[in-house]
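Undergrad: Quick one, structure for this:
(one chain, ligands or ions: 1)
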Amino acid sequence: MDILKKCFDWDYVKQLRNNDTYPYFKSLEEKLGTETMVSSTKMIMIGSNDYLGLSNDLRLIESAAYATEKYGTSSSGSRFLNGSLILHQELEERLATFLNREKAIVFSTGFQTNLGAISSLIGRNDFAIIDRDVHASIVDGIRLGFGKMKRFRHNDMLDLEEKLNSIPSNAGKLIIVDGVFSMEGDLANLKEIVRLKKKYNARLLVDDAHGVGVLGENGRGTCEYLGVENEVDIITGTFSKSFGSLGGFVAGDKDVVDFIQHKARSMIFSASMTPASVAATLTALDIIETEPQRRARLWSNTNKFTTHLRQLGFNTGLTETPIIPIMMGNTFQTFLFWQELSAQGVYTNPIISPAVSEGSELIRTSLMATHTEEQLHNVLEIFELVGNKLEMIQTMHENVLMKS
Ligand code: PMP
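TA: Residues are numbered from 1 along each chain as shown. Model prediction:
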């Protein structure tokens, strides 16, 4: 049997391309922040994770350029041997202080962070107890460590307790959740998870990729926002979202982070963050610490946008954050809606199975501190226009009436 036969036979993407409905790997011709260019057409970007609008901030660009001049374009090696710059160390110390943790280390991406940290901690005889909706990198980290995996229904604390109860009491247990769930924008029920973690003598890791910089009075993320920072053992995150850069981090007790630093294969056998990425991240951290008004603006945009979408009759699920899903319920409707929005100049993300379970397909939007009132007003008008054109708004109103 030819191992490549499955590739030649696979026509799902070919069909989408033939129908001109293929929505992925879109090449952006310019990066303009809240606006972008695709196929020479200007679009309002409402599908980026650049929550604070920092990826185009001149201060980040300048510090990245300066670091490139000083240290070059590549670190040319892994942290372990020849790719550690004084800048990496500075960022790690600054992060640990910012997050009130004993130690932090940085990886080249958020994905590599979870892969390395989790596979270091979860061995063959250990159990990872995870929410069904956690990020793919968490699942892959558990697989890489050959750990045992128990999944509980999304944010279902009864199911979490059942899973914890089913594990031998002397086995090592790590509960892992996203702080903010990346597809639907809802929060982990961290207060209850902490109660169960203590009851069952487990440890807790929170991947706060979408929370740090966004949530909490000081931007320390979901754990700060929910008042559980002291109860969460390990935090992981990324610099590709609110930090407007590239890379990831893990923070926690010194011994735990030290252990990960010397075990994580995705750190030891991979080149470190580039000088430009580290410098941009350091500047972003300065801004996160000193410009709370950016966060305030992000939240004001988020609240207005979500309220208006709900008033129009769109189902935005249980979001509590700048990630705002518009529930579609099937793949066809998702692609259709996405295509109409694109044609009207609005850039969004169509999310289908397996990224979400079947029946939960959605259009994902995410807001930025730098969106103007006018941009959001225009986007809402287009949502209303498209919703009416596809007779979705009426159907959604009817569904609400039927349920009430
Ligand atoms: N965790 C979560 C919850 C994420 O949403 C993402 C990015 N989609 C990652 C980890 C991976 O981060 P990165 O893009 O830096 O690899």
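Undergrad: Let me know the pLDDT of the one residue in the chain that gets nearest to the ligand.
TA: Nearest residue of the chain to the ligand (C-beta to the nearest ligand atom) works out as Gly110 at 2.4 Å. Heads up, the C-betas are built off the backbone N, CA and C, glycines and all. On pLDDT, Gly110 comes in at 98.
Undergrad: cool, Leu390 as well?
TA: Note for Leu390: predicted pLDDT of 88.
Undergrad: now it: how far from Ile382?
TA: Distance of Leu390 to Ile382, computed by C-beta to C-beta, to the nearest Å: 12 Å.
Undergrad: So between these two, which is more surrounded?
TA: Higher neighbour count among Leu390 and Ile382: Ile382, with 18 against 14, using other C-beta atoms under 10 Å.
Undergrad: related to what we said a few turns ago, the closest residue to the residue of the chain closest to the ligand other than its chain neighbours: what's it in contact with?
TA: When the adjacent residues along the chain are set aside, Gly110 lies closest to Thr238, with 2.9 Å between them (C-beta to C-beta, 6 or more residues apart in numbering). The contact partners of Thr238, by C-beta atoms under 8 Å, 6 or more residues apart in numbering, come to 109-110, 113, 209, 247-249.
Undergrad: Check Lys198 too.
TA: The contact partners of Lys198, by C-beta under 8 Å, 6+ apart, come to Glu231.
Undergrad: Can you tell me the element it falls in?
TA: helix 190-199 (DSSP states H and E).
Undergrad: buried set for that helix?
TA: Neighbour counts over helix 190-199 (16 or more other C-beta atoms under 10 Å) mark 190, 193-194, 196-197 as buried.
Undergrad: same deal with stretch 319-333?
TA: By neighbour count on 16+ other C-beta under 10 Å, the buried set for stretch 319-333 is 319-328, 333.
Undergrad: Give me the distance from it to the chain's centre.
TA: From the chain centre to the centre of stretch 319-333 is a distance of 15 Å (C-alpha atoms, centre = their mean, to the nearest Å).
Undergrad: again with stretch 21-34
TA: Counting by C-alpha atoms, centre = their mean, stretch 21-34 comes out at 18 Å from the chain centroid.
Undergrad: Run through who's touching it.
TA: Contact with stretch 21-34 is made by 13, 16, 36-40, 44-45, 50, 53, 55-56, 335, 338-339, 342, 350, 368, 370-372, 375, as judged by C-beta under 8 Å, 6+ apart.
Undergrad: taking these one by one, which sit in strands?
TA: Using DSSP state E, 36-38, 44-45, 350 are the members of those that sit in strands.
Undergrad: residues of the lengthiest helix in the chain that come out buried?
TA: Scanning the chain for the longest helix, with DSSP state H as the assignment, gives helix 292-312. Buried residues in helix 292-312, counted by 16+ other C-beta under 10 Å: 294-295, 297-299, 301-302, 304-306, 308-309, 312.
Undergrad: I'd like the next helix or strand past it.
TA: Sequence order places strand 323-327 as the next helix or strand after helix 292-312, per DSSP H and E.
Undergrad: Helix 292-312 and that following strand, what's the angle between them?
TA: Interaxial angle, strand 323-327 versus helix 292-312 (axes from the mean of the first three to the mean of the last three C-alpha atoms, to 10 degrees): 10 degrees.
Undergrad: Report all helices and strands that strand 323-327 contacts.
TA: On a contact count with 3 or more C-beta pairs under 8 Å, 6 or more residues apart in numbering; DSSP states H and E, strand 323-327 meets helix 292-312, strand 362-366.
Undergrad: Can you list the strands that it pairs with?
TA: Taking DSSP bridges as the criterion, strand 323-327 forms sheet pairs with strand 362-366 (antiparallel).
Undergrad: And the partner strand, what's buried?
TA: Residues of strand 362-366 classed as buried by neighbour count (16+ other C-beta under 10 Å): 362-366.
Undergrad: before we move on, the earlier item: quick check: what element follows the helix holding Lys198 along the chain?
TA: Heading C-terminal from helix 190-199, the first helix or strand you meet, by DSSP H and E, is strand 203-207.
Undergrad: now check whatever helix or strand comes next after that following strand, is it near the ligand?
TA: Following strand 203-207 in sequence order, the next helix or strand is helix 222-225 (DSSP H and E). No: Helix 222-225 lies out of reach of the ligand by C-beta under 6 Å from any ligand atom, never closer than 10.9 Å.
Undergrad: chain center to helix 222-225, what's the gap?
TA: 15 Å.
Undergrad: Ok, stretch 209-228 next?
TA: Mean-position distance between stretch 209-228 and its chain equals 13 Å (C-alpha atoms, centre = their mean).
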